[in-house]
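[1] A structural model of the following input is requested.
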Amino acid sequence: MSDISATGHAPRTCDDALRRAFGFLGKRWNGILIATLMNGPAGFAELRCAVGGISDSVLSGRLSELTAANLVERLVDPGPPVSVSYQLTESGRALMPALTALTAWAWENLPPSVAE
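    This next block holds a predicted model:
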């Protein structure tokens, strides 16, 4: 079968890596949590307040996903009292330039009503 369609053009495809990146980072809250952690480590309650509108169970699930993807690490301070915080890993910090550029682009090109 030919790579050329009936119109004489090659079919359009999306790079698989880009598809995976947007699929993961575009999942509700994941990109926002990573961006929030760009400012440094934060505890669970601090993240919940910073993000706003996220339930405890969803936040817990998203943090587990981000940890499993090696973008965030969970830090436990044995205390007393015991405290848990989250911070970006090296892979998570590698996203900072892209997220900063995306944020600047959004400020310049997307009216606030688009996201609502």
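
[2] CA atoms for contacts and neighbours, from now on please.
    OK.

[3] if you average pLDDT over the helix or strand where Leu33 lies, what comes out?
    Per DSSP states H and E: Leu33 is located in helix 30-37. Taken as a whole, helix 30-37 has an average pLDDT of 94.

[4] quick one: the residue nearest the centre of the chain from Gly23, how far?
    Among the residues of the chain, Gly31 comes closest to the average C-alpha position under CA atoms, centre = their mean, at 2.1 Å. Using CA to CA, to the nearest Å, Gly31 is found at 10 Å from Gly23.

[5] Please apply the same query to Pro80.
    39 Å.

[6] quick one: the residue nearest to the centre of the chain from Gly79, how far?
    According to CA to CA, Gly31 stands 30 Å off from Gly79.

[7] Quick one: neighbours of Arg94, just the number.
    If you look again at residue 94, you'll see it is Ala, not Arg. 12 (other CA atoms under 10 Å).

[8] Now it: phi and psi?
    Backbone torsions for Ala94, taken as degrees, to the nearest 10, come to phi -60, psi -20.

[9] Now do the strands for this structure: every range, in order, please.
    For the chain, applying DSSP state E gives strands covering 42-43, 72-77, 83-88.

[10] Serialize those strands to a markdown table and add fields for mean neighbour count, distance to Leu59 and mean pLDDT.
    Formatted as a markdown table, these follow (neighbours: other CA atoms under 10 Å; distance: least, CA to CA, whole Å; pLDDT from 0 to 100):
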| stretch | mean neighbour count | distance to Leu59 | mean pLDDT |
| --- | --- | --- | --- |
| strand 42-43 | 18 | 11 | 96 |
| strand 72-77 | 16 | 13 | 96 |
| strand 83-88 | 18 | 12 | 96 |
